[in-house]
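[1] Next input, structure requested:
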Amino acid sequence: MRYSFHTAGVRLAAAVVATTAAVAWLAPIATADSNTDERDRQNAAAAAAKADVDTLSSQKSSYAAKAAAAQAQVDESSAVLASASAKLQASQAVLASAQSELAVAQQNLITAQRKDSETAGSLAQTQILLKASDGLVRQNQAALDQAQVKVGQMAREQYQQNTTLIGLVTVVTPTTTGAMNDKLQWATTMFETSASAMTRLEDSQAKLAEAKNARAVLEAKADLARKDAATQLGASQKAEKAAADATAKVQAAVDANNAAKAAAADAVAQDQADAAAQQAEVDAVNARIRQRLADMTAAQKAAAAADARSKGGSSSGSSGSASTSGLQSPIPGAPITSPYGMRLHPVLHVWKLHDGTDFGAGCGTPIRAAAAGTVTEEYYNGGYGNRLFIDHGVMTTSYNHMSGYAVRVGQHVSQGQIIGYVGTTGYSTGCHLHFMLWVNGTMVNPANYL
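    Modelled structure (predicted):
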């Protein structure tokens, strides 16, 4: 009886432990394989995300450089266009930065989710082991209860016979030889049964204590795993919020960038219309100067003919040409910030003629007549701002973007006389003088005559 009861308990406990060990051994292998594959995939994703971040950072630097270059180069264009272009470049830089932050946030979220999965797997595995341990404790408790019942029953039987020495009494009581042998056999069986029951009881108690200790360890481990899982869940939720915030930031940057693009497109369209109007202004001015020269030439020829008739002879007539040299700088000592000639418009990306020489000077700086002559025109134009023209004979000079005039139309001025003041009116992004020159009705580079 001792062998069958004890053996059954041992086999049952061994089966539970074997099952638990198998679960504990197989689960990590499957989890490890899965985690290895996932880790490889996440490492590849991390490398790709880093490459995206580097690209976006490079784009951000490029946009910032372009914005600075555009602002420096556009000195005579619509202020609205220049502002819209700068805002678009800045918006693109913000978008690139937001996309970079989003890439980092998404990678952090992937890492957090992977860690969350690992902690959840560890908790699940620990809970499986704990459940198996609970079953082992219950089985050992049942075995202990059964052993305690058996021992209790034997104790009661001993007590009912009023002595634990019943076996010895039986031996010393006079009787026949056969009866003596029977009594001895009975006493031996009685002692063996008591010892076996006590042994089973002690074994059951030891196994129960061992199972409870194992369960306590697993419970502590499960509690730690639950805390780790809860902490990681908080980290995952934080990463999810960061990714959501970054996504919203990117969307806001995209919306702002689209708005900036639309504003820039409108400004470009307006600037193109303004450029057409400015060309019409140039054509009109050229026509007026040519007409004035034609009128002057015709008048000179008529005067020469009348003079010849009065003298009774002929005359080839004077051409009326004046010297095409001797111009002085309209702002002595001021640097040339943008020369005359063709240049690529940094915003419109078209080649345009910069039809004058720009002198850098602060608003309010006096502007002087490049040569002696007569003031023929003063008016405001959307592109050139406040304009002033001086007729020098075959030469005509024009002063643009002025803040104000110091002379009036029809007034004769001497070389070096103050005629007005530097401004930033019209298509100007800063204070400067746009100086223009015509010789014999043709627009030329002023630098060749200064």
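[2] Quick one: neighbours of the nearest residue to Ala370 once chain neighbours are set aside, just the number.
    Of all residues not flanking Ala370 in the chain, Leu327 sits nearest, at 4.3 Å (Cβ to Cβ, 6 or more residues apart in numbering). Where C-beta positions appear, they are placed from N, C-alpha and C, glycine not excepted. When counting by other Cβ atoms under 10 Å, one arrives at 20 neighbours for Leu327.
[3] I'd assumed Leu450 was in contact with Leu327.
    Yes - with contact defined as Cβ atoms under 8 Å, Leu327 and Leu450 form a contacting pair (5.3 Å).
[4] okay, and the common contacts of these two?
    Ala370 (Cβ atoms under 8 Å, 6 or more residues apart in numbering).
[5] Touching, Thr376 and Val409? I think so.
    Yes - distance between Thr376 and Val409: 6.7 Å, which falls inside the contact criterion (Cβ under 8 Å).
[6] Those two: who's more crowded?
    For the pair Thr376 and Val409, the greater number of neighbours falls to Thr376 (16 against 13), based on other Cβ under 10 Å.
[7] Next, that one: phi, psi?
    Backbone dihedrals for Thr376, given as degrees, to the nearest 10, come out at phi -100, psi -30.
[8] Could you report the distance from it to Gln411?
    Computed as Cβ to Cβ, to the nearest Å, the Thr376 to Gln411 distance reads 10 Å.
[9] Surely Gly416 is in a strand?
    No - counting by DSSP: H, G, I helix; E, B strand; the rest coil, Gly416 is not part of a strand but coil.
[10] shouldn't it be in contact with Arg368?
    Yes - taking contacts as Cβ under 8 Å, Gly416 lies within contact range of Arg368: 5.0 Å.
[11] tell me, what's touching those two both at once?
    Taking Cβ under 8 Å, 6+ apart as the contact definition, Gly416 and Arg368 share the neighbouring residues Gln328.
[12] More neighbours: those two, which one.
    Between Gly416 and Arg368, counting by other Cβ under 10 Å, Arg368 is the more crowded of the two (19 against 15).
[13] Could you list the buried residues of stretch 299-311?
    Neighbour-count burial for stretch 299-311, counted by 16 or more other Cβ atoms under 10 Å, picks out Ala304.
[14] Also stretch 133-144?
    Of all the residues in stretch 133-144, those buried under the rule 16+ other Cβ under 10 Å are Ser133, Leu136, Val137, Gln139, Asn140, Ala143, Leu144.
[15] ok, now stretch 215-229?
    In terms of neighbour count (16+ other Cβ under 10 Å), stretch 215-229 has its buried residues at Arg215, Leu218, Lys221, Ala222, Ala225, Asp228, Ala229.
[16] can you dump the C-alpha coordinates of it into PDB?
    Written as PDB, here are the backbone C-alpha positions of stretch 215-229 (Å, rounded to 0.1, in the frame of the first residue of the first chain):
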ATOM      1  CA  ARG A 215       4.800  28.900  -6.500                       C
ATOM      2  CA  ALA A 216       6.000  31.800  -4.300                       C
ATOM      3  CA  VAL A 217       9.000  32.300  -6.600                       C
ATOM      4  CA  LEU A 218       6.800  32.200  -9.700                       C
ATOM      5  CA  GLU A 219       4.300  34.600  -8.100                       C
ATOM      6  CA  ALA A 220       7.100  37.000  -7.400                       C
ATOM      7  CA  LYS A 221       8.400  36.600 -11.000                       C
ATOM      8  CA  ALA A 222       4.900  37.100 -12.400                       C
ATOM      9  CA  ASP A 223       4.400  40.200 -10.200                       C
ATOM     10  CA  LEU A 224       7.700  41.600 -11.600                       C
ATOM     11  CA  ALA A 225       6.600  40.700 -15.200                       C
ATOM     12  CA  ARG A 226       3.300  42.400 -14.600                       C
ATOM     13  CA  LYS A 227       5.000  45.500 -13.400                       C
ATOM     14  CA  ASP A 228       7.400  45.500 -16.400                       C
ATOM     15  CA  ALA A 229       4.500  45.000 -18.800                       C
END
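[17] Name the residues that touch that stretch?
    Surrounding stretch 215-229, the residues in contact under the criterion Cβ under 8 Å, 6+ apart are 116, 119-120, 122-123, 126-127, 129-130, 133-134, 136-137.
[18] What is the nearest of those to Cys431?
    Asp116 (61.2 Å; Cβ to Cβ).
[19] didn't that closest one look like it was pressed against Gly234?
    No - shown here, Asp116 and Gly234 do not form a contact pair, counting by Cβ under 8 Å, at 9.9 Å.
[20] Mind checking which of those two has more residues around it?
    Asp116 (20 against 12).
[21] quick one: the more buried one and Arg39, what's the gap?
    For Asp116, the distance to Arg39 (Cβ to Cβ) stands at 14 Å.
[22] And Leu437, by the same measure?
    As defined by Cβ to Cβ, Leu437 lies at a distance of 74 Å from Arg39.
[23] what's the answer for Val94, then?
    When distance is defined by Cβ to Cβ, Val94 is 34 Å away from Arg39.
[24] Look at these two and report which has more neighbours.
    Remark: of Val94 and Arg39, Val94 carries more neighbours, 19 against 12, as counted by other Cβ under 10 Å.
[25] circling back: restricted to helices, list the contacts of stretch 215-229.
    If you go by DSSP state H, the contacts of stretch 215-229 have 116, 119-120, 122-123, 126-127, 129-130, 133-134, 136-137 in helices.
[26] from these, which is closest to Lys241?
    Ranked by distance to Lys241 (Cβ to Cβ), the ones in helices among the contacts of stretch 215-229 are led by Asp116 at 14.3 Å.
[27] show me the contacts for that closest one.
    By Cβ under 8 Å, 6+ apart, Asp116 lies in contact with Ala229, Gln232, Leu233, Ala235, Ser236.
[28] nearest spatial neighbour of the fourth one, skipping sequence neighbours?
    Among residues not flanking Ala235 along the chain, Ala112 sits closest, at 5.2 Å (Cβ to Cβ, 6+ apart).
[29] Over to the first one?
    Nearest non-adjacent residue to Ala229, counting by Cβ to Cβ, 6+ apart: Thr119, 4.4 Å away.
[30] Wait, the one you found touches Ser236, no?
    No - with contacts defined as Cβ under 8 Å, Thr119 does not count as touching Ser236, sitting 9.6 Å away.
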